[in-house]
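S.K.: Could you look at this predicted model? Sequence included:
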Amino acid sequence: MKIATWNINGVKARLDTVVAWLNNAAPDVVCLQEIKSVDEGFPKGAFEDLGYTVATHGQKGFNGVAILSKCGIDEARARLPGDDSDEQARYLEADIAGDNGVVTVASIYLPNGNPIGTEKFSYKLAWMERLEAHARDRLTLEMPLVLAGDFNVIPEPMDAKNPDAWTSDALFQLESRTAWRALAALGFTDATRACYPADDVYTFWDYQAGAFQKNHGIRIDHMLLSPQAADRLAASGIDRDTRGWEKPSDHVPVWVELAI
DNA sequence: ATGCCTTGTCGCACAAGA
C-alpha cells in the first residue's frame, strides 16, 4: 500500500496539479492538508472519478484536511481529541483495509505557531501535547498507524539548508523540537529519515526570494510509523520535482510503501 | 531591516502562511 501526504495550499487552486500527480504517482492513500475549503466545496467527484473514496474535514478559507483512498474507508474520525473548543480543521484519521490487514492513517496539519511569544505559539504547543496524548492512546492498540502530514517542525539542523535562518521561527524552536522528539519517542519511526539517514531532503521551499532555485528548503512534512507499520516499511520517497511544476504548492508530496 | 510570493476572502487591501 502506497501512502502519501501533501500540503497542497488550496484545493481549488491546485486541482489540476494534484490530479496530474495522482495519475503519475498512483498512491493508494493520500493525506491532504490546507485544502482551504469547506466540505461541500471540496471537488470530491474529480477524485472519485480516479477511483478514490474521499473523506474531508474542511473549514472556510483556511486549514482543512482530507484523505483519499483507493482501498475504501472503513471509518473516518475528524478532530483531535482533548479540546472541544478547538474549531480549527487540522486532524482527520481513517481506518483503511489492505490485502494484509488494517492501517489507521491520520492526515495532520499541525499549527505553524508564528510568531513565537504569542498565543499562536502556545496553541501550537498545546496542540502537540494533545497529539502526543492521542498517539499514546492509539499505540496501545498495537496496530499499524501512520501519522502523516505537515507537522510544521524542523526536527534537526540537518533538516534545513540554512538552519541559522530559522532560529527565531516557531518551526525550529527548542519547545517545538522537544515536543516532536517526545512524540517520536513513544515508538514511532520517522520514515523519511529512516530511509535517507544522511541526505539533504526537504519538503518545503518558500515561494519568496527564489528559495527553490537556491534549494533553501526545510523538512517539515513527515510520516511517523508505529512499530507495526514500521515493520512493513518497504520504501519511501519525496516527489521533489512537483515543486518545479507550473502553479506548484510550496510543499511537495512525501510517501511510503508499506507491505499491508 | 524589510520584503520577497501565493491563496482565499461578501476583496477593490488584508490575513495567514512558514
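M.R.: Done, it's in. Numbering: from 1, shown residues only, chains lettered A, B, ... in the order given.

S.K.: List the residues that contact the nearest residue to A:N215 once chain neighbours are set aside.
M.R.: Once flanking residues are discounted, A:N215 sits nearest to A:K161: 5.8 Å by C-beta to C-beta, 6 or more residues apart in numbering. Every C-beta, even on glycine, is put in place using the N, C-alpha and C of the backbone. Shown in contact with A:K161 (C-beta atoms under 8 Å, 6 or more residues apart in numbering): A:D200, A:Y202, A:K214, A:N215, A:H216, A:G217, A:I218.

S.K.: check contacts around the last one.
M.R.: Contacts for A:I218 were tallied using C-beta under 8 Å, 6+ apart; they are A:I154, A:D159, A:A160, A:K161, A:W166, A:L171, A:Y202, A:T203, A:F204.

S.K.: is it possible to export those residues to TSV including secondary structure, pLDDT and distance to A:A106?
M.R.: Formatted as TSV, these follow (DSSP: H, G, I helix; E, B strand; the rest coil; pLDDT from 0 to 100; distance: C-beta to C-beta, whole Å):
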residue	secondary structure	pLDDT	distance to A:A106
A:I154	coil	98	20
A:D159	helix	98	21
A:A160	strand	97	25
A:K161	coil	97	28
A:W166	helix	96	26
A:L171	helix	98	20
A:Y202	coil	98	22
A:T203	coil	98	17
A:F204	strand	98	19
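
S.K.: Run through the residues of chain A sitting next to DNA strand B.
M.R.: Taking C-beta under 7 Å from any atom of the strand as the criterion, the neighbours of DNA strand B within chain A are A:7, A:9-14, A:34, A:36-37, A:60-62, A:111-112, A:114, A:120, A:150, A:152, A:169, A:171, A:204, A:206-210, A:218, A:220, A:247, A:250-251.

S.K.: Filter the contacts of A:I218 down to the buried ones, PyMOL style.
M.R.: Burial among the contacts of A:I218 is assessed by 16 or more other C-beta atoms under 10 Å; the matching PyMOL selection reads:
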select buried, chain A and resi 154+159+160+161+166+171+202+203+204
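
S.K.: What segments of the stretch 51-200 of chain A are strands?
M.R.: Along the stretch 51-200 of chain A, counting by DSSP state E, counting those that start in this stretch, strands occupy A:53-57, A:65-69, A:75-78, A:91-98, A:101-109, A:145-150, A:189-190.

S.K.: Could you save those as a markdown table and add columns showing distance to A:W127, mean neighbour count and mean pLDDT?
M.R.: Rendered in a markdown table, the data for the strands of the stretch 51-200 of chain A read as follows (distance: least, C-beta to C-beta, whole Å; neighbours: other C-beta atoms under 10 Å; pLDDT from 0 to 100):
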| stretch | distance to A:W127 | mean neighbour count | mean pLDDT |
| --- | --- | --- | --- |
| strand A:53-57 | 15 | 22 | 98 |
| strand A:65-69 | 13 | 27 | 98 |
| strand A:75-78 | 15 | 16 | 98 |
| strand A:91-98 | 9 | 22 | 98 |
| strand A:101-109 | 10 | 23 | 98 |
| strand A:145-150 | 12 | 27 | 98 |
| strand A:189-190 | 19 | 19 | 98 |
